[in-house]
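sequence plus predicted model, see below.
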Amino acid sequence: MGAIKIIKAVLLTNPSSGKKSGEAYALYAQEKFQEAGWQCEIRLTQKESDIADFTRYASETEADRLIIIGGDGTVSKVLNTLNQMANLPVIGIIPTGTVNNVAKGMGLQLPVENVVDQLIQSKIKACDVGEVNGRLFLSSLSSGTVPATVWTVSDEMKEKYGSLAYFMEGLRALKDEEPYTVRVDLDGQSFTRQVSLMLIGVSHSISGIPHFFEKAHMDDGRLYMLLIDQTSIREKLHILSDLLRDDIGVQSSHAVIKSFEQAHIVIENKPMYAAMDGEKGPAFPLEVNVRPGFVRALIPVKREES
């Protein structure tokens, strides 16, 4: 029998995430991973550029695993640094941010102790990512008045109210909601529509809603678009209710879901930015495409088998 290969892991940690408990989570994860036979080293970020530096370090030292301890913003920066690397370690996420869209989409379930167990028992899966104007996203891309509140929520509000801060700002935004006209080319098919929300997802789970895009899978080589027309708050709640159910799909005539591989998206007569994986993304127009199987990730066994 050959020698058992030791798994080398870099724990890239944002110490200010998780109500400033990131370092404690890293020490806990290191202990559990080492008990499972991994060889671990912790890298604590002190400034934003450290995220890219430590990601490159994991690639250049040929680490087997890059465990990201942080929120959606940290995950996004790691992903886009890996886009420049030749050697891509398998990534795992210990979510310690406010919303944690990406981790939820992978089926990782807090508390942190449970996530660590899930990662140890997980399987490696090649996952699709989305690309927009040269930048990568793992979960979602969105535009509209409500998504725009994502990057206006202050760190103080996130620290004080958690994910409720986004809900509070979203309710305020609904009062000032303005529709916009979007021109879309999906795989050569063009249409124009006046909408209040556009959302593009990589897999079936968005923001913890497990069957948001009921026909989507994280490895099917396609992206999924939801468009919601300008309509009443009551109708929007009906659409949300449909999305929360995994047996009927969206029934409203004020919403449409389409799948695609490539898209060109223009907003007419209005400067706008998209929100990307919970952070401020690029300005329109958008060139969007899928990158099939770009990243290998640690996915919980139940999610991997589904």
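Perfect, I can see it now.

what about the protein, any weak spots by pLDDT?
1-4, 18, 145-177, 207-208, 231-252, 303-306 (pLDDT under 70).

just checking, what packs against the biggest strand by length in the chain?
Longest among the strand segments of the chain by residue count, using DSSP state E, is strand 286-299. Secondary-structure packing of strand 286-299 (3 or more Cβ pairs under 8 Å, 6 or more residues apart in numbering; DSSP states H and E): strand 90-95, strand 123-132, strand 223-228, strand 262-267. C-beta coordinates here come from the backbone N, C-alpha and C atoms, glycine included.

any chance of those strands in CSV, plus distance to residue 143?
Output for these, formatted as CSV (distance: least, Cβ to Cβ, whole Å):
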stretch, distance to residue 143
strand 90-95, 24
strand 123-132, 11
strand 223-228, 10
strand 262-267, 8
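
that older thread, how far does the longest strand of the chain sit from the chain's center?
11 Å (Cα atoms, centre = their mean, to the nearest Å).

and that strand with strand 90-95, angle?
Inter-element angle recorded for strand 286-299 and strand 90-95: 90 degrees (by axes from the mean of the first three to the mean of the last three Cα atoms, to 10 degrees).

give me the buried positions along strand 286-299.
By 16 or more other Cβ atoms under 10 Å, the buried positions in strand 286-299 come out as 286, 288, 290, 291, 294, 295, 297, 298, 299.

quickly note the distance from the closest residue to residue 126 other than its chain neighbours to residue 111.
In space, and not counting its chain neighbours, residue 126 is closest to residue 293: 3.8 Å by Cβ to Cβ, 6 or more residues apart in numbering. The spacing between residue 293 and residue 111, counted by Cβ to Cβ, to the nearest Å, is 30 Å.

pick the most deeply packed of the helices and strands packed on strand 286-299.
Counting by mean count of other Cβ atoms under 10 Å, strand 90-95 has the highest mean neighbour count of the helices and strands packed on strand 286-299, with a mean of 25.

tell me the first helix or strand C-terminal of it.
Reading on from strand 90-95 to the C-terminus, the next helix or strand found by DSSP states H and E is helix 101-105.

angle of the helix or strand just after that following helix against strand 286-299?
Sequence-wise, the next helix or strand downstream of helix 101-105 (DSSP H and E) is helix 112-120. Counting by the same axes, to 10 degrees, helix 112-120 points 90 degrees away from the direction of strand 286-299.

need the contact list for the residue nearest to residue 126.
126, 127, 128, 219, 221 (Cβ atoms under 8 Å, 6 or more residues apart in numbering).

for these, give me a markdown table that also has distance to residue 197.
Compiled in a markdown table, the contacts of residue 293 are given as follows (distance: Cβ to Cβ, whole Å):
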| residue | distance to residue 197 |
| --- | --- |
| 126 | 30 |
| 127 | 25 |
| 128 | 23 |
| 219 | 26 |
| 221 | 25 |
